[in-house]
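Student: After the sequence you'll find the predicted model.
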Amino acid sequence: MRRLALCVWLSATTALAGAAFAFDNGQYDHVPPDIRAWFKSVIAPNGVPCCDVSDGHRTEYDVRRGSYWVPIEGQWMEVPERAIIRDRGNPVGQAVVWYVHHRGAIIISCFVPADAV
């Protein structure tokens, strides 16, 4: 299921920084309050919010030579180290990836492994 979301990303030197806006018209009312709060609190290692509950995608993942890989829109992509969040826990029990389309490319902004603590 595709979720309607809008993330606006700005480029600052070599890092990506951004502000995010997600549309919530009641379609996520089934999400328990503690899970909703977790999604809203996840922040990338560079201090940028990962967006919102509507922007995170539950995903499978693989570890190849010490790097996380996730399938996004039918293509396996390496998760950049700058996007990996290991210290926020993971109450959903599955890996979650946040990404945006930017100038024709897919940018992974955040990734929480299933076993994050």
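Tutor: Arrived safely, thanks for sending.

Student: Please enumerate the helices of the protein.
Tutor: 33-41 (DSSP state H).

Student: which stretches of the protein have low pLDDT?
Tutor: 1-29, 52-54, 117 (pLDDT under 70).

Student: can you pull the contacts of the residue nearest the centre of the chain?
Tutor: Centroid-nearest residue in the chain, with CA atoms, centre = their mean: residue 98, separated by 2.0 Å. Contact partners of residue 98, counting by CB atoms under 8 Å, 6 or more residues apart in numbering, are 42, 50-51, 55-57, 108-111. From N, CA and C alone the C-beta is placed, and that goes for glycine too.

Student: swap the cut-off to 7 Å and go again
Tutor: Residues in contact with residue 98 (CB atoms under 7 Å, 6 or more residues apart in numbering) are 50-51, 55-56, 109-110.

Student: And these, which two are furthest apart?
Tutor: Farthest-apart pair in the contacts of residue 98 is 56 and 109; separation 10.1 Å (CB to CB).

Student: okay, and the common contacts of these two?
Tutor: Contact criterion CB under 7 Å, 6+ apart; residues shared by residue 56 and residue 109: 50, 98.

Student: What is the neighbour count of residue 99?
Tutor: Residue 99: 25 surrounding residues under other CB atoms under 10 Å.

Student: likewise the one 5 residues further on?
Tutor: Taking other CB under 10 Å as the neighbour definition, residue 104 ends up with a count of 5.

Student: Could you list the buried residues of stretch 71-86?
Tutor: For stretch 71-86, the neighbour count (16 or more other CB atoms under 10 Å) marks 77, 79, 82-85 as buried.

Student: Can you lay out the residues you listed as TSV showing distance to residue 61?
Tutor: What follows is those, written out as TSV (distance: CB to CB, whole Å):
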residue	distance to residue 61
77	10
79	8
82	17
83	12
84	11
85	13
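
Student: any idea which of those residues is closest to residue 37?
Tutor: The closest of these to residue 37 turns out to be residue 85 (CB to CB; 15.6 Å).

Student: what about residue 105, how many neighbours?
Tutor: 8.

Student: ok, now the one 4 residues further on?
Tutor: By other CB under 10 Å, 24 other residues sit near residue 109.
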